[in-house]
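Trainee: Got a predicted structure here, sequence first:
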Amino acid sequence: MPYKDVDRRREYAREWIRTNPAKAREAMRRWRERHPSEHAASNRAYYERHKQELAPYFAQYRREHRDVRQGIHARRRARKLGAIGSYTTAEWIELVQRWNWTCAYCGERDALEPDHRIPLARGGSNSIENILPACRHCNQRKGLLTEEEFRARLAAERGPLEL
Ligand SMILES: [Zn+2]
């Protein structure tokens, strides 16, 4: 190292990385290989330092991945039933985002499943217009009811005071 001063040394290192990107990447890769636990620790330290800013991204990532899986699973089931119409994963994610990742029936921020407003078994289609995001609990309770029937039941359960 040509400089005693920490800042100048850092500047020199940055400059070296800029002018030798391939060598720098290779050196980093070798360092990670030789120091797996330090690498993991530095990742963890980075995460700890930025936990607050990163939290919403991680939460969104987890939600989207879970919801994509649920969407794929439900579409496969609908195809087996020979339902008319189809929707894409992008349409499903857009729908879930529009509902702000909440169940369309109870508002719960739970794992969401595509619910058919008019059930497939009662002639509903599998296009996106017939789909709402629902938590598992609501989806299972709704069963073969239409959206209208299920909402009427929920309203009746809540009673007149809360209307
Ligand atoms: Zn629900």
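Mentor: Nice, thanks for sending it over. Numbers count the residues shown, from 1 in each chain.

Trainee: what residue ranges in this structure score low on pLDDT?
Mentor: Residues of the chain meeting the criterion pLDDT under 70: 1-3, 161-163.

Trainee: now the helices for it?
Mentor: All helices of the chain, identified by DSSP state H, fall at 6-19, 21-34, 36-49, 51-80, 89-98, 136-142, 147-158.

Trainee: What is the burial count for the nearest residue to R141 once chain neighbours are set aside?
Mentor: Spatial nearest neighbour of R141, chain neighbours left out: F150 (7.5 Å); criterion: CB to CB, 6 or more residues apart in numbering. Every C-beta, even on glycine, is put in place using the N, C-alpha and C of the backbone. F150 has 20 neighbouring residues, counting by other CB atoms under 10 Å.

Trainee: go on, the one 10 residues further on?
Mentor: P160 sits with 7 neighbouring residues when counted by other CB under 10 Å.

Trainee: Relative to R18, how far out is it?
Mentor: The gap separating P160 from R18 is 70 Å, by CB to CB, to the nearest Å.

Trainee: nearest residue to the residue sitting nearest the centre point of the chain other than its sequence neighbours?
Mentor: In the chain, the residue lying closest to the centroid (CA atoms, centre = their mean) is E64, at 1.7 Å. Nearest residue to E64 in three dimensions, chain neighbours excluded: I93, at 6.2 Å (CB to CB, 6+ apart).
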